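**Student:** can you look at this prediction? I've put the sequence above it.
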Amino acid sequence: MTEPNGSRRSDEEMLEGLLGPSDPELSCEECFAALDRYVELTIAAEAADERVPGMRAHLAGCPACAEDYRSLRDLLAADEVETPR
């Protein structure tokens, strides 16, 4: 299958897309509650996936939460560049 950007998805990626993740996954409510922390850990290059288990799996399967993640990440990353600590 070809993605909108022209790249091809592997069989494994297509299968995961159909079956969903095999790892534990957060609900949308749990994702929303932990999203700030997860994004901050990601920007700080810390072990976000270990410290917020299930987030990566949820973001891979939930387009709405993935969009929230990208928006918040981009906003905080831009803020970090403008006002270094």
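**Tutor:** Right, received. Where do you want to start? Worth saying up front: this structure is predicted, and the values here are computed from it rather than measured.

**Student:** could you identify the longest helix within the chain?
**Tutor:** Longest helix of the chain, by residue count under DSSP state H: helix 63-82.

**Student:** which strands and helices sit next to that one?
**Tutor:** helix 28-43, helix 55-61 (3 or more Cβ pairs under 8 Å, 6 or more residues apart in numbering; DSSP states H and E). No exception for glycine: its C-beta is placed from N, CA and C like everyone else's.

**Student:** contacts for it, please.
**Tutor:** For helix 63-82, contacts defined as Cβ atoms under 8 Å, 6 or more residues apart in numbering pick out 28, 31-32, 35-36, 38-40, 42-43, 58-60.

**Student:** centroid residue for the chain?
**Tutor:** The structure's the chain has its C-alpha centroid closest to Leu59; by Cα atoms, centre = their mean the separation is 4.2 Å.

**Student:** ok now do that residue, which residues does it touch?
**Tutor:** Cys31, Cys65, Ala66, Tyr69.

**Student:** and of those residues, the nearest to Glu12?
**Tutor:** Nearest to Glu12 among those, counting by Cβ to Cβ, is Ala66 at 18.9 Å.

**Student:** quick one: pLDDT of the closest one?
**Tutor:** Predicted confidence (pLDDT) for Ala66: 96.

**Student:** going by neighbour count, which of the contacts of Leu59 are buried?
**Tutor:** Cys31, Cys65, Tyr69 (16 or more other Cβ atoms under 10 Å).

**Student:** so the first one touches Cys62, yeah?
**Tutor:** In this case it means Cys31. Yes - when contacts are counted by Cβ atoms under 8 Å, Cys31 is listed as touching Cys62 (7.1 Å).

**Student:** dump the buried ones among the contacts of Leu59 into TSV; add distance to Leu76 as well.
**Tutor:** Shown next, in TSV, are these (distance: Cβ to Cβ, whole Å):
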residue	distance to Leu76
Cys31	16
Cys65	16
Tyr69	11
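
**Student:** and which of those residues is nearest Val52?
**Tutor:** Minimum distance to Val52 across the buried ones among the contacts of Leu59 is 9.1 Å, recorded for Cys31 (Cβ to Cβ).
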